[in-house]
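Peer 1: output the structure for:
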Amino acid sequence: MRTLFNGEFSVDYGQMYIDSRAEADIHEGPEAGLHECFMGQQAGLCGAAVPGHLFLLTGISEGSVPLTVELHEAEPPLDFDGWEDIVETPFRAASNDTTLNEWDGEGRDLGLPAGTYRARYHCRGMDEAVGLRLEDEAVLDEYLLQFWPAPHESDRVVKQTSESAAYWHQFASELPPLPTPEELAEAERLTREKEEQDERERRERAEKREWGGRLPSDRLRSVGKAAAGLRTLDVALVHAVDEAGPETQRAIARWAAHRSCDVAGLSGADWIARGLAELDRGLPFSPPLDDPKTARNLLSPQIPHTVITRPDGTSDSQQEVALFSLIIAADPDPLKALLLALHAAAGAHGTSWHDLLTEVRSEFPETAHVPLPPETVPPKKRPHYGNAIRAVAVKQHPGEEPQR
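Peer 2: Got it, this is the predicted structure:
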């Protein structure tokens, strides 16, 4: 027999612990709380349900108690008469670093080799030792913990005398078994699925709020931010033109470019008129519209700029907004072309943007059923269309620094 510990040991909340778990098991395994440690047991006093851990209960709630811990080569003789309460539990020391721990985590190494043991916990004086024991007060309760190598066997109550032990035996017997690793894995899977489902539903609700109470089609999702501007002004129209098909989308994009250039006074410029004709015929733009950077630079000397107030309340050059509508209406993607060109056209119309969107419904029967949008929109800062034209130029001529 080898004595692993003999002396007074500090307890808080009537608890002390034996722990051989590795850090990974402590963080990833079951929690070693009061309920978890006694789950599935008939015996109270020594909770062994969490692998590699023993939860030892005492009579006093705070102070120090006399404790002896012994390691035997074989099962020691049972001192039935010398102790009031005795329980036995299985214990597997998962490592050679088994410690005797206080409630705050401070512990001392017991020198118990790794292996599978039987643990016998002896108690006396539990009913008398209630509450706090001060240093100069007499010892009322005492404890002995014995280990010996043995195969795993279920816990058992060897002897029960005190009312304290009776209480803890009843407490343990009423707990369900500790979940198996498979049950824990299944519970984690269900929890993860529930969290993922909740996150999907949260994203869906947020997306519906952005899209007027309904989810966008995959086609609308595919154009990304191109739909954002027009969606803010007229989300019902966005859904309608999405469903209208590519031919109608291209027709509305061209119409929007014409209306933009007309309202901004650009249609009279020969190179703008030529560009509109090329757009209508589906031809590539000829110079200068084949280079958006050059086209924008021609606006200043040839056509006076008019400052308009866009639907979001910001100011911009009406001519640059209209030029962007013309250029973007030729985008290869008809839905993207429509969304951006029509949004720009609304901007070019300034405070009359609502009239333009009303006119769309008159010009294109596919949109006639769509309710009109509110006449005010929440303010939201958007880039000036001069910057947007430069962005198109960079995409068409990568590697070149756009003029400012």
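Peer 1: which intervals of the stretch 201-350 of the chain have sub-threshold pLDDT?
Peer 2: Scanning the stretch 201-350 of the chain with the threshold set as pLDDT under 70 gives 301-302.
Peer 1: ranges for the strands of it?
Peer 2: Using DSSP state E, counting those that start in this stretch, the strands of the stretch 201-350 of the chain run over 307-309, 315-317.
Peer 1: give me the sheet partners of the last one and which way each runs.
Peer 2: So that's strand 315-317. Looking at strand 315-317 with DSSP bridges, its partner strands are strand 307-309 (antiparallel).
Peer 1: which residues touch the partner strand?
Peer 2: Contact with strand 307-309 is made by 315-318, 321, 347-351, as judged by C-beta atoms under 8 Å, 6 or more residues apart in numbering. In this view, the C-beta of every residue, glycine as well, is placed from N, C-alpha and C.
Peer 1: which of these count as buried?
Peer 2: Buried by 16 or more other C-beta atoms under 10 Å: 316-318, 321, 347-350, out of these.
Peer 1: I figured residue 235 hits residue 207, correct?
Peer 2: No. Assessed by C-beta atoms under 8 Å, residue 235 is found out of contact with residue 207, at 11.9 Å.
Peer 1: out of these two, which sits in the busier spot?
Peer 2: Between residue 235 and residue 207, counted using other C-beta atoms under 10 Å, the more crowded position is residue 235 (19 against 13).
Peer 1: just give the nearest non-adjacent residue to that one, would you?
Peer 2: Spatial nearest neighbour of residue 235, chain neighbours left out: residue 212 (3.7 Å); criterion: C-beta to C-beta, 6 or more residues apart in numbering.
Peer 1: same thing with residue 103?
Peer 2: Once flanking residues are discounted, residue 103 sits nearest to residue 12: 3.7 Å by C-beta to C-beta, 6+ apart.
Peer 1: just residue 139 next, same as before
Peer 2: residue 66 (5.8 Å).
Peer 1: OK, contacts around that neighbour?
Peer 2: By C-beta under 8 Å, 6+ apart, the contact set of residue 66 is 7-8, 139, 142-143.
Peer 1: one more time with 6 Å
Peer 2: Residue 66 is in contact with 8, 139, 142, counting by C-beta atoms under 6 Å, 6 or more residues apart in numbering.
Peer 1: what's the mean pLDDT across the helix or strand harbouring it?
Peer 2: Taking DSSP states H and E as the criterion, residue 66 maps to strand 60-71. Averaged over strand 60-71, pLDDT sits at 94.
Peer 1: by contact count, what packs against the next helix or strand after it?
Peer 2: Next along the chain after strand 60-71, taking DSSP H and E as the criterion, comes strand 85-93. Other elements packing on strand 85-93 under the criterion 3 or more C-beta pairs under 6 Å, 6 or more residues apart in numbering; DSSP states H and E are strand 115-124, strand 156-159.
Peer 1: hmm, try it at 8 Å
Peer 2: Judged by 3 or more C-beta pairs under 8 Å, 6 or more residues apart in numbering; DSSP states H and E, the packing partners of strand 85-93 are strand 46-47, strand 115-124, strand 156-159.
Peer 1: deepest of these, which one?
Peer 2: Mean neighbours per residue, mean count of other C-beta atoms under 10 Å, is largest over the helices and strands packed on strand 85-93 for strand 46-47, with a mean of 30.
Peer 1: which SSE is immediately downstream of that one?
Peer 2: strand 53-57.
Peer 1: average pLDDT for that following strand?
Peer 2: Strand 53-57 carries an average pLDDT of 96.
Peer 1: paired strands for that strand, with orientation please.
Peer 2: By DSSP bridges, strand 53-57 pairs with strand 15-19 (antiparallel), strand 46-47 (antiparallel).
Peer 1: now distance to residue 295 too, for the ones you listed, in JSON lines please.
Peer 2: Below are the strands paired with strand 53-57 laid out as JSON lines (distance: least, C-beta to C-beta, whole Å):
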{"stretch": "strand 15-19", "distance to residue 295": "76"}
{"stretch": "strand 46-47", "distance to residue 295": "80"}
